[in-house]
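*Asks:* sequence first, predicted model second:
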Amino acid sequence: MTQVVMRTAILAAALVAATQTVQAQAPVTLWLAGARATTDSSSIALKNSNVLIGLQVALPLFPVALRAEAMAAGSDITGSPRSYFVNAVLPLNLPGISPYLIGGYGKYSYGKANEVSGYNYGGGVRVGLGRFGVFGELRKHEKIDRRLALVGITL
């Protein structure tokens, strides 16, 4: 009976320590970025820029996080095409730096008549502690055959 109590106490202590570690890794972060296409020379023009906002949720006791994103293309954010994605993020959490792989599925909107669904994949690196950091990312959007380079912050 004493061994059962001792094992239960050790398991409870391990779960408490794991929970505190997960909470210290900022389970919910806001991702804000600017993006540019990397496939042509006209990508420097402001009309070819993108704005991305995402909300990433770290899943306790799982190595994968989920990130929901919305992206607006062009310099006129209110009237521009919008795209929406849900991605799985596989981070390698090291102290201060976190390289990661990302992949997901979403809808690409170029006006109501031209909405298509497709997937994206890529990788990036985030530097920071807790919620606050900066990141760079390269991603390929297959359905629209577009490669984007993103630079942003996390809060």
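*Replies:* Nice, I can see it.

*Asks:* from now on I want contacts and neighbour counts done on CA atoms only, so please keep to that.
*Replies:* Will do.

*Asks:* which strand in the protein runs the most residues?
*Replies:* Secondary structure of the chain read by DSSP state E shows that its longest strand is strand 116-129.

*Asks:* name the helices or strands packed onto that strand?
*Replies:* Secondary-structure packing of strand 116-129 (3 or more Cα pairs under 8 Å, 6 or more residues apart in numbering; DSSP states H and E): strand 97-108, strand 132-141.

*Asks:* what are the ranges of the strands in this structure?
*Replies:* Ranges of strands in the chain, per DSSP E, are 28-37, 49-58, 65-73, 82-91, 97-108, 116-129, 132-141, 146-154.

*Asks:* save the ones you listed as TSV, and put in mean pLDDT too.
*Replies:* Below are the strands of the chain laid out as TSV (pLDDT from 0 to 100):
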stretch	mean pLDDT
strand 28-37	92
strand 49-58	92
strand 65-73	92
strand 82-91	92
strand 97-108	94
strand 116-129	94
strand 132-141	95
strand 146-154	93
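
*Asks:* what is the neighbour count of residue 94?
*Replies:* 9 (other Cα atoms under 10 Å).

*Asks:* the closest residue to residue 28 other than its chain neighbours and residue 153, how far apart?
*Replies:* Leaving aside its sequence neighbours, residue 28 sits nearest to residue 57 (Cα to Cα, 6 or more residues apart in numbering; 4.6 Å). According to Cα to Cα, to the nearest Å, residue 57 stands 16 Å off from residue 153.

*Asks:* and if you look at residue 59?
*Replies:* For residue 59, the distance to residue 153 - Cα to Cα - is 21 Å.

*Asks:* more neighbours, those two?
*Replies:* Applying other Cα under 10 Å to residue 59 and residue 153 shows that residue 153 carries more neighbours, namely 19 against 13.

*Asks:* contact partners for residue 107?
*Replies:* By Cα atoms under 8 Å, 6 or more residues apart in numbering, the contact set of residue 107 is 83, 84, 85, 115, 116, 117, 118.

*Asks:* for residue 51, same thing?
*Replies:* By Cα under 8 Å, 6+ apart, residue 51 lies in contact with 32, 33, 34, 35, 71, 72, 73, 77.

*Asks:* let's go with 6 Å and repeat that
*Replies:* 33, 34, 71, 72 (Cα atoms under 6 Å, 6 or more residues apart in numbering).

*Asks:* setting aside sequence neighbours, what's the nearest residue to the second one?
*Replies:* Think residue 34. residue 51 is the one closest to residue 34 (Cα to Cα, 6+ apart), at 4.8 Å.
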